[in-house]
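Q: I'd like to go over a predicted model; first the sequence, then the structure.
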Amino acid sequence: MFQIQDLQSITPEELEKRIVNLGEKPFRAKQIFKWLHQHHIKEINEMTNISKELRQQLLALAPLCKLQMAERYESQKDETIKYLFTLSDHNIIECVLMRYNHGNTVCISSQVGCRMGCKFCASTLDGLVRHLSAGEMVSQIYAIQEDIGERISNVVIMGSGEPLDNFQACIDFITIITSPLGLNIGQRHITISTCGLIPQMRQLALKQPQVTLAVSLHAPNDAIRQEFMPIARKYSLDELLATCAYYIEQTHRRITFEYALIQGYNDQEQHAKELGQKLKGLLCHVNLIPMNEIEERSYISTTASNTQHFKKILEEAGITVTIRRKLGEDIAAACGQLRRGYLSK
Ligand code: SAH
């Protein structure tokens, strides 16, 4: 059997198998899962309806995942809160809470660092340190829920890391948070963001989850995309868009394309026109993102009027466009900036 990093990483099905193997009744697995994922216990002894012996056997299987809050920054401009959590091996990860009228959204990390190498992103500057376990991913949500005393209704896997590079943990994470024995978050309230790992996108499509797939495009053609995104040298834009079409066909879900407007690189009228042509006929929507400028790179954000013009041209091509609101700007709430700042302190 495979090695489990922590108890919170075990899916309901796997937990039941393990519990039955220990000679227990299946309903024990449900009780244990609820302690972990509804009561978010901190110590195994809090499982009061589970025998001491079984609690010991559980701990022999794997430890409890415990995140420590290292820092918490509240935006003065909006209601965004940014968190740094310390993992059991002392690595640091960051998450963001965004409050919208329709509920609380948490942006979680899937890896410590990242190996995708996108040039505008602070998470990748020092490469990949390690993958997060599914338990470490769910624990980010639990810690934030506990901090604010409110339910989290939406989750985006858009923090540090490339989720599809940590594929199985992300699938387990989705299984766990959508479980009625856990947070019971609907698949449609979950977004996975990828820079475009084609084989894993196809795998995800075959599992037909109803989660929203967001694809980081940031360019209308290969030449521009290759400038900032190493993955674009591995997979062409045409291959990527063909995979998106396949994903839509399999899941009947609309894809979100993320496009950060970077002054002088991808923000001109001809880029919008080219993008409009490329996306024609795809069940999709484009989210224009104001570039978050990071210290280590010279990329700067486009102007507000360029953003509006870009939007208008895409709309003329029949594509729905939203402009992402800039939240938590005053607390460096973007893409690995906070963790780097903290580590260099
Ligand atoms: N690796 C995944 C998810 C994490 S990044 C992905 O690439 O999609 C989440 C989003 O933030 C991606 O669209 C990414 O390209 C974008 N991003 C990274 N750094 C940014 C920055 N400095 N400004 C604006 N968006 C950025």
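A: Ah, there it is. Numbers count the residues shown, from 1 in each chain.

Q: Tell me where this structure is predicted with low confidence.
A: Applying pLDDT under 70 to the chain flags residues 1-2, 327-336, 345.

Q: what residues does the stretch 151-300 of the chain put near the ligand?
A: Counting by C-beta under 6 Å from any ligand atom, the residues of the stretch 151-300 of the chain close to the ligand are M158, E162, S193, T194, C195, S216, E258, A260, I289, M291, N292, I294. C-beta here means a position set from N, CA and C on the backbone, and glycine is covered the same way.

Q: Domain map for this structure?
A: Structurally, the chain divides into domains by automatic domain parsing as follows: 7-61, 68-344.

Q: Next up, phi/psi of N221, please.
A: Taking degrees, to the nearest 10, you get phi -150, psi 170 for the backbone angles of N221.

Q: Give me the neighbour count for G135.
A: 27 (other C-beta atoms under 10 Å).

Q: let me fix that: L343
A: If we define neighbours as other C-beta under 10 Å, then L343 has 11 of them.

Q: Please identify the helix or strand for it.
A: Assigned by DSSP states H and E, L343 belongs to helix 337-344.

Q: So that helix, near the ligand or not?
A: No. Helix 337-344 lies out of reach of the ligand by C-beta under 6 Å from any ligand atom, never closer than 7.8 Å.

Q: chain center to stretch 268-284: distance?
A: 25 Å (C-alpha atoms, centre = their mean, to the nearest Å).

Q: Okay, buried residues for it please.
A: Using 16 or more other C-beta atoms under 10 Å as the test for burial, stretch 268-284 gives Q268, H271, A272, K273, E274, L275, G276, K278, L279, C284.

Q: Show me the two of the residues you listed that sit farthest apart.
A: Put simply, by C-beta to C-beta the two of these set farthest apart are Q268 and C284, 21.1 Å from each other.

Q: Going by residue numbers, what spans are strands in this structure?
A: With strands called from DSSP state E, the chain shows them at 68-74, 81-86, 92-100, 103-107, 111-113, 128-131, 154-157, 190-194, 212-216, 255-261, 284-290, 320-323.

Q: What's the end-to-end length of stretch 152-162?
A: With C-alpha to C-alpha, to the nearest Å as the measure, stretch 152-162 spans 22 Å from end to end.

Q: List the buried residues of it.
A: Buried-residue list, stretch 152-162, by 16+ other C-beta under 10 Å: I152, N154, V155, V156, I157, M158, G159, S160, G161, E162.

Q: go on, stretch 220-233?
A: With the criterion 16+ other C-beta under 10 Å, stretch 220-233 contains buried residues P220, N221, D222, I224, R225, Q226, F228, M229, I231, A232.

Q: and of the residues you listed, the nearest to H37?
A: I231 (33.3 Å).

Q: Setting aside sequence neighbours, what's the nearest residue to the spatially most central residue of the chain?
A: The centre of the chain sits closest to I157, judged by C-alpha atoms, centre = their mean, with a distance of 0.9 Å. Of all residues beyond its chain neighbours, the one nearest I157 is P163 (4.5 Å), with distances taken as C-beta to C-beta, 6 or more residues apart in numbering.

Q: What spatial separation is found between the one you found and M201?
A: Distance of P163 to M201, computed by C-beta to C-beta, to the nearest Å: 11 Å.

Q: Common neighbours of the two, please.
A: Jointly contacting P163 and M201 under the rule C-beta atoms under 8 Å, 6 or more residues apart in numbering are T194.

Q: what's near enough to touch S301?
A: S301 touches L261, I262, Q263, P290, M291, N292, E293, counting by C-beta under 8 Å, 6+ apart.

Q: Tell me the buried residues within those residues.
A: L261, I262, P290, M291, N292, E293.

Q: quick check, nearest of the residues you listed to the ligand?
A: N292 (3.6 Å; C-beta to the nearest ligand atom).

Q: circling back to that earlier point, may I ask which two of the contacts of S301 are separated the most?
A: Q263 and N292 (13.0 Å).

Q: Let me see the contact set for the nearest residue to F228 once chain neighbours are set aside.
A: In this structure, F228 finds its nearest non-sequential neighbour in K119, 4.4 Å apart by C-beta to C-beta, 6+ apart. K119 makes contact with E227, F228, M229, R297, Y299, according to C-beta under 8 Å, 6+ apart.

Q: and those, which two are the farthest apart?
A: Farthest pair in these, by C-beta to C-beta: M229 and R297, 13.3 Å.

Q: What's the local residue count around whichever residue of the stretch 1-150 of the chain sits closest to the ligand?
A: Ranked by C-beta to the nearest ligand atom, the top residue of the stretch 1-150 of the chain for proximity to the ligand is C121, at 3.5 Å. By other C-beta under 10 Å, the residues close to C121 number 24.

Q: Now do it against K234, distance only.
A: 17 Å.

Q: What of L282?
A: 21 Å.

Q: Over to L261?
A: 24 Å.

Q: among the domains of the chain, which is the most enclosed?
A: When you average the neighbours per residue for each of the domains of the chain (mean count of other C-beta atoms under 10 Å), domain 68-344 leads with a mean of 19.

Q: And it, end to end?
A: 19 Å.

Q: And stretch 195-214, by the same measure?
A: Chord length of stretch 195-214, first to last residue, is 9 Å (C-alpha to C-alpha).

Q: which residues are in contact with that stretch?
A: Counting by C-beta under 8 Å, 6+ apart, 116, 118, 156, 158, 162, 164-165, 167, 171, 174, 186-188, 190-194, 215-217, 229, 231-232, 235, 239-240, 243-244, 246-247, 250-251, 253-258, 287 sit against stretch 195-214.
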